[in-house]
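Engineer: predicted model and sequence follow; I will ask about them next.
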Amino acid sequence: MSKGCREDVLRIILILDVLLVVTNIIGWVITLLYYYYVYTLGVNPPLCYAKIGELVVNCAKVARAPESKILNIRIDNHVISIPVALIAVVWFTTKAILSIYYILGWRRVLDAILYLSGLGLALIPYLIWIELFEVHALCTYCTFLQIFIAVTFIVALELKLMYRRVS
């Protein structure tokens, strides 16, 4: 690879590095806000209610749907369940921390970011199915997070491929 071409690749890598960190941190902030509004305050977050023809945007309805919880365990008269939104908070927190380590030079964590993003990407069709056909409502925050998941997967994959070209 020529010196000029290598410099161009390194510039692109730097841009992708920043994009990877920014999308993971923004995703983390969005999950925290969503969780805080819906589960702490018990209200719809901003920009989360609209009706456009038959399409309903209602984040709280999505969050309160039985399908938005996993591990429904009944103990006596109590049901213990974990909201998918809490899993998203932990998941994006992990990815944000990994992306900070990555930008600080720990390049090995790129594989973990790529795998986590790939797992998230694989779940997106299922989550959209649940929103559209089970809950009959969309969640604005969920949609933004799904976009960030796809972007971080594409960026992490491209970084992985570019590092192979440079080495």
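Structural biologist: The structure has been received and is ready for your questions. Residues are numbered from 1 along each chain as shown.
Engineer: okay, CA-based contacts and neighbour counts for the rest of this
Structural biologist: Fine.
Engineer: after the lengthiest helix in the chain comes which helix or strand?
Structural biologist: Across the chain, the longest stretch assigned as helix under DSSP state H is helix 3-35. Next along the chain after helix 3-35, taking DSSP states H and E as the criterion, comes strand 49-52.
Engineer: list the buried residues in that next one.
Structural biologist: Under the neighbour-count criterion of 16 or more other Cα atoms under 10 Å, strand 49-52 has Tyr49 buried.
Engineer: just checking, next helix/strand downstream of it?
Structural biologist: strand 55-58.
Engineer: packing partners of that next one?
Structural biologist: Contacting strand 55-58 under the criterion 3 or more Cα pairs under 8 Å, 6 or more residues apart in numbering; DSSP states H and E are the following elements: strand 49-52.
Engineer: what strands flank the helix or strand of the chain with the lowest mean pLDDT, and is each parallel or antiparallel?
Structural biologist: Every helix and strand of the chain was ranked by mean pLDDT, DSSP states H and E. The lowest is strand 69-75, at a mean of 78. Strand 69-75 has the following strand partners under DSSP bridges: strand 78-83 (antiparallel).
Engineer: I'd like the average pLDDT over the strand it pairs with.
Structural biologist: For strand 78-83, the mean per-residue pLDDT is 83.
Engineer: in that strand, what counts as buried?
Structural biologist: By neighbour count on 16+ other Cα under 10 Å, the buried set for strand 78-83 is Pro83.
Engineer: and Leu138, what is it in contact with?
Structural biologist: 55-59, 62, 131-132 (Cα atoms under 8 Å, 6 or more residues apart in numbering).
Engineer: can you report phi and psi for it?
Structural biologist: phi -100, psi 160 (degrees, to the nearest 10).
Engineer: what's the answer for Ala137, then?
Structural biologist: Residue torsions, per degrees, to the nearest 10, at Ala137 are phi -160, psi 150.
Engineer: measure how buried it is and give me the count.
Structural biologist: 24 (other Cα atoms under 10 Å).
Engineer: just give the nearest non-adjacent residue to it, would you?
Structural biologist: Spatial nearest neighbour of Ala137, excluding adjacent residues (Cα to Cα, 6 or more residues apart in numbering): Val56 at 4.9 Å.
Engineer: what packs against the helix or strand harbouring Thr152?
Structural biologist: For Thr152, the host element (DSSP H and E) is helix 140-166. Applying 3+ Cα pairs under 8 Å, 6+ apart, one finds that helix 140-166 makes contact with helix 3-35, helix 109-129.
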